[in-house]
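Participant: Return a 3D structure for these sequence lines:
(2 chains)
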Amino acid sequence: MGISHFFDSQFFKSNLSAFFKSSVNLPELLKFDSGAFGRIVAILTTYTPSGIAYGTLAIALHIPWYYTISLSLVVYSGAVQSTFVGLWAIGLDPITMVFTALLLNLRHTFYGPHLEEKFPQMSSGDMYSIAPFLTDEIYALAVSDPPMKIPEVRKLSYFAYSCWVLSSALGVALTGGLPAFLYPILYLALPALFLALMVPRVKGGSTALSAAVSIAVTIVIKVNGLPEYSILVSIGAGILAGLVMLKLGGRE
Amino acid sequence: MNYIIILVAALGVLSLLQRLLPWIIYKSHKGETFLTNLFDYVAISAFGALMIENIQSFSPESLVPLIPAVIVAYWTRNAGATVLVAMLASLVLRMFGL
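Facilitator: Got it, this is the predicted structure:
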């Protein structure tokens, strides 16, 4: 099937129309249910400081503003963007970056199918309009009890995306006027950000071992001045340690 | 620096495909406890490694502010609050020369 045939096909037309019907419905977008306020506050308090921290850090580490904001616009993943900033700081290796991004976002594989189970009435249009904006927080809120309705999930997804992009841009704007003595403090923000991303995931023996092994191997790599791509060895060792402990009956 | 544009675009496409493709292809699977654990290990190992790689030096000035940050990360699970506390602790440390 040629590409022109694909664009003429009923499949493409029906999905495109479903997408617009689901996502560009202004009256529906402006309606809110009773739990909306709490969810908006949850997104604002998590996305805004993190977005500002990301934007500020990226600029402090001399990443041009257009890359910083483009990453928020097209990648829209705090974990991958923080990794980009972290690897930029130690010398960006594209293969390590793509491989790490692939691993970090693997968890998204299960968010969509789980939502499909939770909302069996979800249409293709709903799927196409929500999937690109699905994050850890949106997924968690969508499947929490009581579960949200599909239009609410979509609205929250768009709100969270806007919040992330705008707060990243705010971080970029704020960094321009920073005094020089604050830069060493900003450099500390990056390990603190990774710490903040790691700690909530440590829930038991095997996850703690995974963190400990990964940290220990990275210390050895850093102390011995090994190249940046050696970080993949630390990640592999951490994953392996967690899996071995899980296999041996480690409790979560 | 042209490769950066390609890299940003590639990461964007990768990010989109990872969210969308499995949902299209894989609609009726459940109970992936093992894989959920695996993804946790991936994230924990990557963040742990990147945390150490990005510490400027193994000195008290770099390491001490991370102690209150661990506590805040554990209690609040909020990345913004954790970063803020680490930066404030670092500022206090530098101001008072502790």
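Participant: In chain B, which residue sits nearest chain A?
Facilitator: Residue of chain B nearest chain A, by C-beta to the nearest C-beta: residue B:80 (2.0 Å). In this view, the C-beta of every residue, glycine as well, is placed from N, C-alpha and C.
Participant: what's around the residue nearest to that residue when sequence neighbours are not counted, how many residues?
Facilitator: Nearest non-adjacent residue to residue B:80, counting by C-beta to C-beta, 6 or more residues apart in numbering or on different chains: residue A:49, 2.0 Å away. Around residue A:49 sit 19 other residues, with neighbours defined as other C-beta atoms under 10 Å in any protein chain shown.
Participant: next one: residue B:84
Facilitator: Per other C-beta under 10 Å, the neighbour tally for residue B:84 reads 18.
Participant: got the contact list for it?
Facilitator: Residue B:84 makes contact with A:49, A:53, according to C-beta atoms under 8 Å, 6 or more residues apart in numbering or on different chains.
Participant: what's the helix or strand for it?
Facilitator: Here residue B:84 sits within helix B:79-96, counting by DSSP states H and E.
Participant: Please point out which parts of that helix sit buried.
Facilitator: Neighbour counts using 16 or more other C-beta atoms under 10 Å in any protein chain shown place B:79-87, B:89-91, B:93 of helix B:79-96 among the buried residues.
Participant: isn't residue A:158 right up against residue A:133?
Facilitator: Yes - between residue A:158 and residue A:133 there is a contact at 6.5 Å, judged by C-beta atoms under 8 Å.
Participant: three-state assignment of the nearest residue to residue A:187 once chain neighbours are set aside?
Facilitator: With C-beta to C-beta, 6+ apart as the criterion, residue A:187 has its nearest non-adjacent residue at 5.5 Å, and that residue is residue B:56. Here residue B:56 is coil, with the state taken from DSSP: H, G, I helix; E, B strand; the rest coil.
Participant: and what of residue A:63?
Facilitator: Assignment for residue A:63 (three-state DSSP): coil.
Participant: Can you get me a residue count around the residue nearest to it when sequence neighbours are not counted?
Facilitator: Nearest residue to residue A:63, sequence neighbours excluded (C-beta to C-beta, 6+ apart): residue A:88, at 5.6 Å. By the criterion of other C-beta under 10 Å, residue A:88 has 17 neighbours.
Participant: what does residue B:11 give?
Facilitator: When neighbours are counted by other C-beta under 10 Å, residue B:11 registers 25.
Participant: State the pLDDT value of it.
Facilitator: On the pLDDT scale, residue B:11 is placed at 84.
Participant: if I pick it, what's in contact with it?
Facilitator: Applying C-beta under 8 Å, 6+ apart, one finds that residue B:11 lies in contact with A:71, A:74, A:75, A:80, A:84, A:97, A:98, A:101.
Participant: residues contacting the first one?
Facilitator: Translated: residue A:71. Neighbours of residue A:71 in contact, by C-beta under 8 Å, 6+ apart: A:58, A:81, A:84, A:168, B:8, B:11.
Participant: Which residues are in contact with the residue nearest to residue A:63?
Facilitator: Counting by C-beta under 8 Å, 6+ apart, residue A:88 touches A:58, A:61, A:63.
Participant: cool, and residue A:150?
Facilitator: A:119, A:121, A:122, A:126, A:130 are the contacts of residue A:150 under C-beta under 8 Å, 6+ apart.
Participant: run the last query once more with 7 Å
Facilitator: Taking C-beta atoms under 7 Å, 6 or more residues apart in numbering or on different chains, we find residue A:150 in contact with A:119, A:122, A:126.
Participant: returning to that earlier point: lowest-confidence one in the contacts of residue A:88?
Facilitator: For the contacts of residue A:88, the pLDDT minimum is residue A:61, 85.
Participant: what's the spacing between that one and residue A:117?
Facilitator: Distance from residue A:61 to residue A:117, counting by C-beta to C-beta, to the nearest Å: 41 Å.
Participant: quick one, which of those two is more surrounded?
Facilitator: residue A:61 (17 against 14).
Participant: wait, doesn't the more buried one sit right on residue A:89?
Facilitator: Yes - in terms of C-beta atoms under 7 Å, residue A:61 counts as a neighbour of residue A:89; the distance is 5.1 Å.
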